[in-house]
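Enquirer: Sequence first, then the predicted structure, then my questions.
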Amino acid sequence: MDATAPTTAATPTAFDPKEFRRALGMFATGVTIVTTTAPDGAPIGVTANSFNSVSLDPPMVLWSLANNARSLEAFSESTHWNVHILSNEQEALSNRFARAGEDKFNGLAMDTQPSGAPLLPGCSARFQCKTAFKYEGGDHTIFVGEVVQYDSCAVPPLVYVTGGYALAARKAAPVSTEPLAQLDGAVYSENLLGYLFGRAHFQFLHGIRGTLQAKQLSDTDFFVLSLLSVRQPLAVPEIAAHIAYTGIDSSAASLQSLVQRGLLEQEAGGLRLSAAGTDAILHVLAAAKSVEADLVDRMGEMESAALRNLLKQAILATDPGLPKLWQAPAPRDA
């Protein structure tokens, strides 16, 4: 090719805005709220997922704001602003600051800091910044700030991907040490959800077996006493509706044996825990809390939050229509 030949500028590609946005949405980002103070002292805040690091030395970060945003003038004139990386528990706060036309700071407690820009508590990380540069970036203005102070904690961050909120979790290492377990097309492997659910379930229960044995409780006893620790009294058909899917015997005869052993009491509204039953299940649940705390410590807060979220999704996706245990029961007919 002749190095002196003139080059032809590429013709800009006409993108479909919706498809372009969808493609960009495949890149997972954190969710932030950026705050500042208007010239009249009013607090200003917006939800943004355009945050990114720029430099470690000096410490600098950037974010961008749409040129048609009502808060653009305030951020453009301000010398300081704060970036809050939201935690997985702050989805409602993200939605609040993403909406226009309301007092976003109403009822919110604030931490104080020298610049006066609002500082929200409970975040995974916070960066207090002073404006260094501003750039035009198409239909957005890019703000670059020098970080003058920051803090962080172990609370997992909120993530946004493919148009919705998500939770972050590190990719797990293989469970098995046998390479054959990973062969493509294997009928049974460690990637089978049934195996993963089952093994995790029984390994967790293994941690409370000692307490169950000390209290002379079977798995059936544990299920029934746990159910009644959440809601009581319950009639025999109600108990069966909650736990029959487990395959555990919830017949009247089985439940009557718990009455005879002094763990349950019969009353007009159904069965409820006796003093002995309450004591037994509280000991088992305390042991379960201890096992859970150890699991969270080993896995980490981020993975534990993601695990709870995925288990809830799996339960909803496979729910055979069970009664809602933590939902207030319908009033009984008089």
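Expert: Received the coordinates, thanks. Numbers count the residues shown, from 1 in each chain.

Enquirer: Could you break the protein into its assigned domains?
Expert: 25-167, 191-318 (automatic domain parsing).

Enquirer: first vs last residue of the first one, how far apart are they?
Expert: In terms of CA to CA, to the nearest Å, the two terminal residues of domain 25-167 are separated by 15 Å.

Enquirer: hmm, back to that, can you redo the domains of the chain as JSON lines with mean pLDDT, mean neighbour count and distance to residue 325?
Expert: The way it works is simple: take the backbone N, C-alpha and C, and place the C-beta from them, glycine included. Shown next, in JSON lines, are the domains of the chain (pLDDT from 0 to 100; neighbours: other CB atoms under 10 Å; distance: least, CB to CB, whole Å):
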{"stretch": "domain 25-167", "mean pLDDT": "91", "mean neighbour count": "16", "distance to residue 325": "22"}
{"stretch": "domain 191-318", "mean pLDDT": "92", "mean neighbour count": "15", "distance to residue 325": "6"}
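
Enquirer: so which of those domains comes closest to residue 327?
Expert: domain 191-318 (9.4 Å; CB to CB).

Enquirer: returning to what we had before: reformat the domains of the chain as JSON lines; add distance to residue 326.
Expert: Formatted as JSON lines, these follow (distance: least, CB to CB, whole Å):
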{"stretch": "domain 25-167", "distance to residue 326": "18"}
{"stretch": "domain 191-318", "distance to residue 326": "7"}
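
Enquirer: Compare the ones you listed and give me the one nearest residue 18.
Expert: domain 25-167 (10.5 Å).

Enquirer: Quick check: chain neighbours aside, which residue is closest to residue 215?
Expert: Distances taken as CB to CB, 6 or more residues apart in numbering place residue 280 nearest to residue 215, at 4.5 Å, with adjacent residues excluded.

Enquirer: helix/strand/coil for that neighbour?
Expert: Per DSSP: H, G, I helix; E, B strand; the rest coil, the secondary structure class of residue 280 is helix.

Enquirer: that older thread, so for residue 17, which of the domains of the chain sits nearest?
Expert: Per CB to CB, nearest to residue 17 of the domains of the chain: domain 25-167, 11.1 Å.

Enquirer: ranges for the strands of the stretch 151-300 of the chain?
Expert: For the stretch 151-300 of the chain, the strands defined by DSSP state E, counting those that start in this stretch occupy 158-161, 164-167, 264-267, 270-273.

Enquirer: The helix or strand that contains residue 142 pairs with which strands?
Expert: Under the criterion of DSSP states H and E, residue 142 resides in strand 140-152. Strand 140-152 has its sheet partners listed here by DSSP bridges as strand 59-66 (antiparallel), strand 125-137 (antiparallel).

Enquirer: among those strands, which is nearest residue 90?
Expert: That would be, of the strands paired with strand 140-152 and by CB to CB, strand 125-137, which comes in at 12.0 Å.

Enquirer: Need the contact partners of the closest one.
Expert: 60-61, 64, 76, 78-85, 113, 115, 117, 119-120, 141-153, 157 (CB atoms under 8 Å, 6 or more residues apart in numbering).

Enquirer: And stretch 15-27, by the same measure?
Expert: Contacts of stretch 15-27 (CB under 8 Å, 6+ apart): 161, 162, 163.
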